[in-house]
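Asks: The sequence and its predicted three-dimensional model are supplied below.
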Amino acid sequence: MNNFINVRLQAYNHTKQLNILKHNTRKIKSLSEQENSNNPNFVVIGKDLFDLEDQGTKDILYKSLKKIYDKDRVEHNTKMFARRQRNLTNQQASWLEGVFTFSEAIKHDLGNKYTIEELSRVAHNCAKDLAKQIGSELKYLVLHLDETTLHFHLALKNFDDSGHSIFHKIKHKDILSKIQDLGFKHFGELGMDRGISKEITGKNYQNINNYYKQQQIKLKAIISSL
């Protein structure tokens with residue numbers, strides 16, 4: 001069974017983004033914890049992993065990242081006010097959320113084809129490259145192992161020099177497809193295949209061949225009905 005990498009980006013409102021930060025740093029418990037709830041979580045910095053299971057570490061990480069977010073929020077608001085003479089609303093978050101997800105094969109491949117350190121190094125390089133590609137900055141990257149299938153969460157700055165939303169500028173199918181290409185470029189080093197964005201297919205974990213086969217089946221059905 002081949003493993004597939006999917007890259008997703010999503011912007012939320014200000015309040016939800018702060019709650020996501022609490023979730024990602026495990027300041028609050030995951031609502032979707034499954035049988036792996038005793039597995040550790042990690043903060044990824046370069047090729048190094050820092051255990052997130054110690055409550056003191058969670059608190060320090062959350063407070064540090066919250067301080068960075070608050071600073072970005074002030075800068076974002078300043079740019080917005082300079083351009084539109086109005087302050088940010090709760091609907092406008094200053095960070096956007098990213099996720100690296102994998103298919104079930106990751107459970108077999110991890111430890112057999114590559115180590116958790118190698119996977120994290122690739123994820124960190126991909127996250128930095130992704131930020132550069134969309135004109136943003138990487139704020140943090142965490143690895144969650146306490147849910148059904150391991151995944152990475154990352155946060156990126158969501159405003160440009162004029163205070164415009166970066167996510168609003170990139171939420172187009174051609175750009176989202178390039179983001180999937182970028183994910184494959186990095187995680188392909190570990191033998192993974194390219195997935196297709198949920199924003200494009202409406203489904204998770206499809207490989208490109210299956211996606212086109214499904215499109216052909218739909219097309220044939222339309223032709224037959226005609």
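Replies: It's in.
Asks: now the helix ranked longest in the chain: how far from the chain's centre is it?
Replies: Once the chain is assigned using DSSP state H, the helix that runs over the most residues is helix 55-84. Put simply, helix 55-84 sits 19 Å off its chain's centre (Cα atoms, centre = their mean, to the nearest Å).
Asks: Stretch 148-156 now?
Replies: 6 Å.
Asks: got it, and stretch 160-178?
Replies: 15 Å.
Asks: pLDDT on that stretch, on average?
Replies: For stretch 160-178, mean pLDDT rounds to 92.
Asks: Give the buried residues for it.
Replies: Judged by neighbour count (16 or more other Cβ atoms under 10 Å), stretch 160-178 contains these buried residues: 163, 165-167, 170, 176. For glycine as for every other residue, the C-beta is placed from the backbone atoms N, C-alpha and C.
Asks: for stretch 40-53, same thing?
Replies: Result for stretch 40-53 [16+ other Cβ under 10 Å]: buried residues 41-44, 49, 52.
Asks: hmm, back to that, sitting in helices, which of the buried residues of stretch 160-178 do you find?
Replies: 166-167, 170, 176.
Asks: I'd like to check the angle between the very next helix or strand once past the longest helix of the chain and helix 55-84, please.
Replies: As assigned by DSSP states H and E, the chain's next helix or strand after helix 55-84 is strand 95-102. Counting by axes from the mean of the first three to the mean of the last three Cα atoms, to 10 degrees, strand 95-102 lies at 130 degrees to helix 55-84.
Asks: next SSE after strand 95-102?
Replies: Sequence-wise, the next helix or strand downstream of strand 95-102 (DSSP H and E) is helix 106-109.
Asks: hey, C-alpha coordinates of that following helix in CSV?
Replies: Coordinates of each C-alpha in helix 106-109 appear next as CSV, following Å, rounded to 0.1, in the frame of the first residue of the first chain:
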residue,chain,number,x,y,z
ILE,A,106,2.1,5.8,7.4
LYS,A,107,1.6,3.5,10.3
HIS,A,108,3.6,0.8,8.6
ASP,A,109,6.1,3.0,6.9
